[in-house]
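K.L.:
just coords:
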């Protein structure tokens, strides 16, 4: 099977992972940290709001089953992309909305998807989602992986 990788930040990574795990064609998901300057950050480091990292989910998917555009649709549907550095009750730059693209094709699709969402009039405020190149992804500690499967619960998002 040929797979592709995408990385999204949409607030608390436990909820984002749980949502992407429901998508047919998603092979694996890993929660972690992306977009910052600190190497090998810990959860405590990221929560200090000094690392530049966002809580993110790396999604490995089978593009013959689910398209990147469908993953973008899921991404937009699970959070509020108009709140800078916040999702629901969580505040800080680690909870920002971001798409970390892995190829020029993903960049183009993400930009087009964001433009379409902005044009739709769904939100009164501007969409603040960052669309930036994927750089090093640092997996979070094991206790964060599949958190809701291990501990119960289903979402930490308000949408």
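P.N.:
Okay, I see it. As the structure is a computational prediction, the values presented were derived from the model and not from experiment. Numbering: from 1, shown residues only.
K.L.:
show me where pLDDT drops low in the protein?
P.N.:
153-159 (pLDDT under 70).
K.L.:
Show me what counts as buried in the lengthiest helix in the chain.
P.N.:
In the chain, with assignment by DSSP state H, the single longest helix is helix 104-120. By neighbour count with 16 or more other Cβ atoms under 10 Å, helix 104-120 contains the buried residues 106, 107, 109, 110, 113, 114, 117. (Each C-beta comes from the backbone N, C-alpha and C, glycine too.)
K.L.:
Roughly how far does the second one sit from residue 63?
P.N.:
Right, the one you point to is residue 107. 16 Å (Cβ to Cβ, to the nearest Å).
K.L.:
Kindly report the same for the third one.
P.N.:
As defined by Cβ to Cβ, residue 109 lies at a distance of 12 Å from residue 63.
K.L.:
ok, now residue 122?
P.N.:
Taking Cβ to Cβ, one finds residue 122 at 27 Å from residue 63.
K.L.:
Tell me where this protein has helices.
P.N.:
Under DSSP H, the chain gives helices at 13-21, 43-47, 68-77, 104-120, 147-151.
K.L.:
Now do the longest helix of the chain: everything it contacts.
P.N.:
6, 68-69, 72-73, 76, 81, 99, 101, 123, 126-127, 129, 131, 133 (Cβ atoms under 8 Å, 6 or more residues apart in numbering).
K.L.:
Which of those residues has the largest number of neighbours?
P.N.:
Using other Cβ atoms under 10 Å as the neighbour test, these are led by residue 99, with 27 neighbours.
K.L.:
quick one, what contacts it?
P.N.:
7, 8, 9, 72, 75, 106, 110, 114, 129, 130, 131, 132.
K.L.:
and the first one, how many neighbours does it have?
P.N.:
Okay, so that is residue 7. 23.
K.L.:
Enumerate every residue touching the residue lying closest to residue 55 once chain neighbours are set aside.
P.N.:
Using Cβ to Cβ, 6 or more residues apart in numbering and skipping the chain neighbours, the partner closest in space to residue 55 is residue 13 (4.0 Å). Applying Cβ under 8 Å, 6+ apart, we find residue 13 in contact with 31, 32, 55, 56, 57, 140, 144.
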